[in-house]
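Chemist: structure for the following, please:
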Amino acid sequence: MSLARRSLAAFLACSLSSLVAASEREYTSSFVEVELKTLRPSNLDNDYVLFDLDNIAVFRETPQGDLSNVDFDNELSAKITVGQRFGHRSGWAVSYWDYDESADADRSVGFIAPLFPDGVLVPTLISPGQYCLLDPISGIVFSDCLNPVFTDAVAFHKIEADTLDLYYWRTAIEQERFQLRWMAGVRFASIDSRLEALYAGFDGGFAAVPQGTPIDGRASLKSDAEGLGPMAGIHGAVRLGGRWRLVGGTTIAMLVGSVDARYQADIDPDLDTFVPFDYDVAREEDRILTIIELSLGVEVEIGKRWRATLGYELARWEDSVDRLSFPDSLVTSFAETESISVGWDGLKAGASFEW
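Modeler: Predicted coordinates:
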């Protein structure tokens, strides 16, 4: 009898599952959604030069002045989502977002007289300790030191980021004026950052090269991060009246990945007898990349198949970019690592079609 009961229970469960699946298939619909976002990256820590009005020698007290950064504007990016709805209760979707933008900046100073600039540009991507040849074992400074006075600087910063999501969503609360649903899935994300700067000036004297010798400097900071892991979120909607709704939600992803960082720099006086100072340091670190996204906006139904949205989005990628730098010391050549959390914010507008 126990076996018969278990068989009957299994038969009823399979039958019920089949009925539910058939019911959901009956109301299945497909959709495609396109979102255009005008996002601006923030918290980039991408200063490249400091303007010091008084300090015209490198080996003095810590320079003080105005920092110059590479500033990004709000740039257009796109997110595409395709999926299926099973009635009004659940569904699945695949979405892809891509961001690829760059910005540049420059700074220069004038001259009071030849070899007497009206201030000096102090590179923030090259430390004073890199103007001398060092013994890599003892850290002792050799006699070949430079005293560069930079008067021109140009910087370029490029950021590429993308996400690929696969997730399932289900309605948890369904009322006449309020709806709440959860979603869970998996995300792959990557972010690449490249910051480069060029410096031009001359040697201020009392160094290994004659005073006035042209000196060029270059620095490059590269960081590549990617990860794969789970994501989850909660999204809600409040009906405002008619076909209008207030919509918003939050999504959190925790990705298992790594960050590769590389620092390259060279300081090159315009002398055939002088060997340029070259630096090339690379590091890789495994890391959990956390991505947090918030959104709020309004949605309107247009007929039975179209929907349009307009809103604001805020995102933060924790510790997603590494910046290698040399400490401001004349007796060390060891690089330090600083992790940066990149953010995005801006307006977005979207449209979806269901069939």
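Chemist: please make it C-alpha for all contacts and neighbour counts, starting now.
Modeler: Noted.
Chemist: what about the strands in the stretch 101-250 of the chain?
Modeler: Here the stretch 101-250 of the chain has its strands, by DSSP state E, counting those that start in this stretch, at 111-113, 116-117, 120-123, 132-134, 141-145, 148-174, 178-203, 214-241, 244-269.
Chemist: name the surrounding residues that touch the shortest one.
Modeler: Spelled out, it's strand 116-117. Strand 116-117 is contacted from outside by 56, 109, 110, 111, 151, using CA atoms under 8 Å, 6 or more residues apart in numbering.
Chemist: mind checking pLDDT for residue 175?
Modeler: For residue 175, the model assigns a pLDDT of 88.
Chemist: who wins for proximity to residue 97 among the strands of the stretch 101-250 of the chain?
Modeler: Between residue 97 and the strands of the stretch 101-250 of the chain, the tightest spacing by CA to CA is seen for strand 148-174, at 5.3 Å.
Chemist: distance from the chain centre to the closest one, please.
Modeler: How far strand 148-174 lies from its chain's middle: 3 Å, per CA atoms, centre = their mean, to the nearest Å.
Chemist: stretch 288-298 now?
Modeler: Distance of stretch 288-298 from its chain centroid, counting by CA atoms, centre = their mean, is 13 Å.
Chemist: in the chain, what secondary structure element scores lowest on mean pLDDT?
Modeler: Using mean pLDDT, DSSP states H and E, helix 2-26 stands out as the lowest-scoring helix or strand of the chain, at a mean of 50.
Chemist: next secondary structure after that helix?
Modeler: Next helix or strand after helix 2-26 toward the C-terminus (DSSP states H and E): strand 28-42.
Chemist: against residue 309, how distant is the spatially closest residue to residue 292 that is not a sequence neighbour?
Modeler: Residue nearest to residue 292 in three dimensions, not counting chain neighbours: residue 252, with 4.7 Å by CA to CA, 6 or more residues apart in numbering. Distance of residue 252 to residue 309, computed by CA to CA, to the nearest Å: 22 Å.
Chemist: give me the low-pLDDT residue ranges for the protein?
Modeler: Counting by pLDDT under 70, the chain contains low-confidence ranges at 1-26, 53-63, 113-115, 128-130, 132-144, 206-208, 272-276, 326-335.
Chemist: about what we covered before: out of the strands of the stretch 101-250 of the chain, nearest to residue 299?
Modeler: Closest to residue 299 of those, according to CA to CA: strand 244-269, at 5.2 Å.
Chemist: how far off strand 178-203 does the next helix or strand along the chain from that closest one point, in degrees?
Modeler: Scanning forward in sequence from strand 244-269 by DSSP H and E, the next helix or strand is strand 277-302. Interaxial angle, strand 277-302 versus strand 178-203 (axes from the mean of the first three to the mean of the last three CA atoms, to 10 degrees): 150 degrees.
Chemist: circling back to that earlier point, quick one: the residue nearest to residue 292 and residue 101, what's the gap?
Modeler: Note on residue 252: its distance to residue 101, by CA to CA, is 24 Å.
Chemist: what's across from residue 191 in the sheet?
Modeler: Beta-bridge partners recorded for residue 191 (DSSP bridges): residue 161, residue 225.
Chemist: how far away is it from residue 117?
Modeler: As judged by CA to CA, residue 191 and residue 117 stand 40 Å apart.
Chemist: do residue 169 as well
Modeler: In terms of CA to CA, residue 169 sits 63 Å off from residue 117.
Chemist: in its sheet, what does the helix or strand containing residue 317 sit against?
Modeler: Assigned by DSSP H and E, residue 317 falls within strand 306-325. Here strand 306-325 has these sheet partners by DSSP bridges: strand 277-302 (antiparallel), strand 336-354 (antiparallel).
Chemist: what angle do strand 244-269 and it make with each other?
Modeler: Going by the same axes, to 10 degrees, strand 306-325 makes 30 degrees with strand 244-269.
Chemist: distance from strand 306-325 to the middle of the chain?
Modeler: Relative to its chain's centre, strand 306-325 lies at 8 Å (CA atoms, centre = their mean).
Chemist: residues contacting residue 40?
Modeler: Applying CA under 8 Å, 6+ apart, we find residue 40 in contact with 72, 73, 74, 75, 344, 345, 346.
Chemist: let me know the secondary structure of the second one.
Modeler: What that stands for is residue 73. coil (DSSP: H, G, I helix; E, B strand; the rest coil).
Chemist: give the closest residue to it in space, chain neighbours not counted.
Modeler: The shortest distance from residue 73 to any non-neighbouring residue, by CA to CA, 6+ apart, is to residue 40 (5.8 Å).
Chemist: could you dump the strands of the stretch 101-250 of the chain to JSON lines with distance to residue 287?
Modeler: Shown next, in JSON lines, are those (distance: least, CA to CA, whole Å):
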{"stretch": "strand 111-113", "distance to residue 287": "48"}
{"stretch": "strand 116-117", "distance to residue 287": "45"}
{"stretch": "strand 120-123", "distance to residue 287": "30"}
{"stretch": "strand 132-134", "distance to residue 287": "33"}
{"stretch": "strand 141-145", "distance to residue 287": "36"}
{"stretch": "strand 148-174", "distance to residue 287": "17"}
{"stretch": "strand 178-203", "distance to residue 287": "13"}
{"stretch": "strand 214-241", "distance to residue 287": "9"}
{"stretch": "strand 244-269", "distance to residue 287": "5"}
